[in-house]
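[1] make a model of this:
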Amino acid sequence: MSSAGYSGTPLSLKLGIKEGHTVALIDAPPHIPELLSPLPDDVTTRFGAHGKPNVSLVFCHTTSDLRRRVDQFWRLAFPDRAIWICWPKKSSPLFRDLTEDGIRDILSEKGLVDVKVCAIDEDYSGLKLVVRKELRVNRVVQDQP
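    This next block holds a predicted model:
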C-alpha cells in the first residue's frame with residue numbers, strides 16, 4: 001500500500017479517489033500510477049485530459065506552464081469534479097519556480113479555489129482545486145448543449 005508523507009494514509013484516499021471514479025493523469029511522471037495503488041474497485045485510470053474524469057492529477061513544473069493551461073484546468077473542474085495541481089517541492093531537484101502560493105493566485109483569478117493540500121511523494125506536492133461555489137450554478141448552464 002503506497003502512502004505519501006508521514007501519515008501512512010494511502011495516496012488514493014488522500015486524493016479522494018472512490019469506487020467507480022475515473023482518474024486522469026496529465027503529464028504525470030511514470031511512477032505515479034504505482035503510487036496510487038491499491039485503488040478502490042472499478043477505478044479507471046487514463047493518461048491525458050479526455051472525457052469527464054472525477055479526479056484529475058495535473059503535473060506542472062513552471063509558472064508559465066500553469067498560466068498556459070488555465071483554460072484546461074477550468075474545463076476539468078466541472079462543478080462536482082476535483083483537480084489536483086501537482087508541482088515540485090522547493091526541496092526537490094525538479095523545482096523551478098512554481099509554488100503553492102503561485103498556483104493559488106493564478107487559479108483563483110479563474111474561479112478555482114483550493115480546498116486541500118497533500119504530499120504526493122518526496123518530489124511533488126498537490127493542491128486540490130474546485131470551482132468556486134457561487135460559480136457552480138452558472139457553470140452547469142454553460143456546459144449544457
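[2] may I see the buried residues of stretch 62-73?
    Within stretch 62-73, the residues that count as buried by 16 or more other Cβ atoms under 10 Å are 63, 65-66, 69, 73. Backbone N, C-alpha and C define where each C-beta goes, glycine included.
[3] the closest residue to residue 32 other than its chain neighbours - how many residues pack around it?
    Ranked by Cβ to Cβ, 6 or more residues apart in numbering and with sequence neighbours excluded, the top spatial neighbour of residue 32 is residue 25, at 6.0 Å. When counting by other Cβ atoms under 10 Å, one arrives at 21 neighbours for residue 25.
[4] same deal with residue 102?
    Other residues near residue 102 number 16, with proximity taken as other Cβ under 10 Å.
[5] tell me the contacts of it?
    63, 66 (Cβ atoms under 8 Å, 6 or more residues apart in numbering).
[6] so which residue is dead centre in this structure?
    residue 84 (1.3 Å; Cα atoms, centre = their mean).
[7] give me the element that residue is part of.
    strand 82-88 (DSSP states H and E).
[8] check residue 64 too.
    Using DSSP H and E, residue 64 sits in helix 63-68.
[9] try residue 103
    Per DSSP H and E: helix 100-108 holds residue 103.
[10] quick check: angle from that helix to strand 82-88?
    For helix 100-108 against strand 82-88, the angle between stretch directions is 140 degrees (axes from the mean of the first three to the mean of the last three Cα atoms, to 10 degrees).
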